[in-house]
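> The sequence and its predicted three-dimensional model are supplied below.
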Amino acid sequence: MKHIISDPGILGGKPVIEGTRLSVEHILGLLARNMSHREIVEAYPILTVEDINGVLKYAAKALQNDIVIDVKMASGV
């Protein structure tokens, strides 16, 4: 599994999967659009299922802060 890194020279410092220009945000967006781990790995062969799980673990850890953002989404989104 690759690590999640942040480098100001890559995508403006957004967290990315090490060795790629694939951001955590992008992978989470694919998952939110109901792409499976397998479909993501097929679309991006440089990744593994473990890399996708690493993105989810990173996101879960990032959300452990006590900051709550009230977001109301339109139906169907």
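Happy to help now that I have it. Numbering: from 1, shown residues only.
> In contact with the residue lying closest to Ile10 once chain neighbours are set aside, which residues?
Sequence neighbours aside, Val16 is the residue nearest to Ile10 in space, at 5.6 Å (criterion: C-beta to C-beta, 6 or more residues apart in numbering). C-beta here means a position set from N, CA and C on the backbone, and glycine is covered the same way. Neighbouring residues of Val16 by C-beta atoms under 8 Å, 6 or more residues apart in numbering: Ile4, Ile5, Ser6, Asp7, Ile10, Leu22, Ser23, Val24.
> and Val16, how far is that from Glu39?
Val16 sits 20 Å away from Glu39, going by C-beta to C-beta, to the nearest Å.
> Which of the contacts of Val16 are buried? Put it as a ChimeraX command.
Filtering the contacts of Val16 down to the buried ones (16 or more other C-beta atoms under 10 Å) takes a single ChimeraX command:
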select :4,22,23,24
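> just the helices in this structure please.
Ranges of helices within the chain are 24-32, 37-43, 49-62, based on DSSP state H.
> right, so of those helices, which gets closest to Lys72?
Lys72 sits nearest to helix 24-32 of all the helices of the chain, at 16.6 Å, using C-beta to C-beta.
> Can you list the buried residues in that closest one?
So for helix 24-32, counting by 16+ other C-beta under 10 Å, buried means Val24, His26, Ile27, Leu30, Leu31.
> Go through those residues and say which is closest to Asn65.
Asn65 lies nearest to Val24 out of these, by C-beta to C-beta, at 15.4 Å.
> Run a quick check on the closest one versus Leu11, I expect a contact.
No - with contact defined as C-beta atoms under 8 Å, Val24 does not count as touching Leu11 (10.0 Å).
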